[in-house]
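J.: model the structure of this input:
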Amino acid sequence: MRVFDGSHPLDECRRCVVAIGNFDGVHRGHQSMLARLNEHAHAQKTRSAVLTFEPHPVTLLRPKQVPPQLSTLTRKLELFERYGVECAIVYPTDVALLEQSPRQFFETIVQQKLEAVGLVEGPNFYFGKNRAGNVEQLAEFCQQAGLFLDVVEPTRIGGEMISSSRIRQLIQEGNLRSACELLGHPYQLEGTVGRGEQRGAGLGFPTANLSDIETLIPAEGVYAGFAEHDRSVYPAGILVGNNPTFRDENQKVEVHLIGFEGDLYGKRLQVDFLERIRDVCKFDSAEALRQQLSRDVMQVKSLVSEKSRR
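T.: This next block holds a predicted model:
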């Protein structure tokens, strides 16, 4: 997949089939759109292209109401490529863009900048100043311009529509199993490894303490997941919260890479969450905590092994 800066000329992206949106999390609803996008591109003998905005328009419009992200731009681009997108356009959000009317947005970006042959969108797509444009208006513009528009119906699980807001709620509740089901892939955090109190190492379970996390942090608890370092994947036990056994009230994200030996300080680490395994608890002694951590490691290994077999 090739990545393009939307502020520059996009000659290499012209005459593509395009999907426009924020695609936060690139969940299973988005994946249905991307699959349809790729089908149309193949049928039209052209390439599939996604145009996403950076930063999220709400960051400029209502900075105090910005929802926590489910994915960094890097993660989003990685997922676009995983799901078959051939061109990704990162379009910078600025005041000039947000002031465009729906007609101006369509003419400036879709027609002039991209010369798109067709569009694939969801039914809740809004565009232009104050989100005044909707798919009905977009269909009218496309018909006038001789472009096709495919509006993909929402993906539902359990009768409910998959949405980024629904996934955020599940993560905030600590229900990572359901969140990952709606995402269609593990939920990922990325942070910089810093130095902690090194209590885990003293117990035989060294942890990487993550900071500078840009995405939504799950509810307090102990989770099973995995982490990748130097192209090796390790099962991971993840603590979100404090350490009441040692009267440590600082909220943190600590990751124990099972089977890893080495130095991670100062490095960026990506951690994939799979499932919450227990609450954060206060133990009567360090030894009681050590025994629980041993049980946690066994449970994490079992869960990660089960996931890898699917």
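J.: where does the protein have low pLDDT?
T.: For the chain, the stretches flagged by pLDDT under 70 are 197-202, 244-249, 308-310.
J.: burial of His256, as a residue count?
T.: A count of nearby residues for His256, using other C-beta atoms under 10 Å, gives 24. No exception for glycine: its C-beta is placed from N, CA and C like everyone else's.
J.: the closest residue to it other than its chain neighbours: which element?
T.: Excluding the flanking residues, the one nearest His256 by C-beta to C-beta, 6 or more residues apart in numbering is Gly237, at 4.5 Å. Applying DSSP states H and E as the criterion places Gly237 in strand 232-243.
J.: so Ser165 is in which element?
T.: Here Ser165 sits within helix 164-172, counting by DSSP H and E.
J.: what sits up against that helix?
T.: With C-beta atoms under 8 Å, 6 or more residues apart in numbering as the contact definition, helix 164-172 has outside contacts at 22, 24-25, 27, 67-68, 70, 160, 176, 178-179, 182-183, 187, 216, 218-219.
J.: so which bits of it are buried?
T.: By neighbour count on 16 or more other C-beta atoms under 10 Å, the buried set for helix 164-172 is 164, 166-168, 170-171.
J.: I'd like those residues laid out as a markdown table, including distance to Arg195.
T.: Shown next, in a markdown table, are those (distance: C-beta to C-beta, whole Å):
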| residue | distance to Arg195 |
| --- | --- |
| Ser164 | 34 |
| Arg166 | 37 |
| Ile167 | 32 |
| Arg168 | 31 |
| Leu170 | 32 |
| Ile171 | 27 |
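J.: list just the nearest of those residues to Glu306.
T.: In terms of C-beta to C-beta, no member of the buried residues of helix 164-172 lies closer to Glu306 than Leu170, at 20.2 Å.
J.: tell me the spacing between the closest one and Ile162.
T.: 11 Å (C-beta to C-beta, to the nearest Å).
J.: thinking again about what came up before, show me what the next helix or strand after the helix holding Ser165 is packed up against.
T.: Moving toward the C-terminus from helix 164-172, the next helix or strand (DSSP H and E) is helix 176-183. Here helix 176-183 is seen to pack against helix 164-172, strand 187-194, strand 268-278 when contacts are counted using 3 or more C-beta pairs under 8 Å, 6 or more residues apart in numbering; DSSP states H and E.
J.: for Phe106, find the nearest of those.
T.: helix 164-172 (24.1 Å).
J.: overlap in contacts of Leu170 and Ile162?
T.: Shared contacts of Leu170 and Ile162, counting by C-beta under 8 Å, 6+ apart, come down to Leu182.
J.: now do the strands in the protein.
T.: 2-5, 17-20, 48-54, 87-92, 118-121, 148-151, 156-157, 160-161, 187-194, 208-211, 221-229, 232-243, 248-257, 268-278 (DSSP state E).
J.: could you check the angle strand 48-54 makes with the fourth one?
T.: Computed by axes from the mean of the first three to the mean of the last three C-alpha atoms, to 10 degrees, the angle separating strand 87-92 from strand 48-54 equals 20 degrees.
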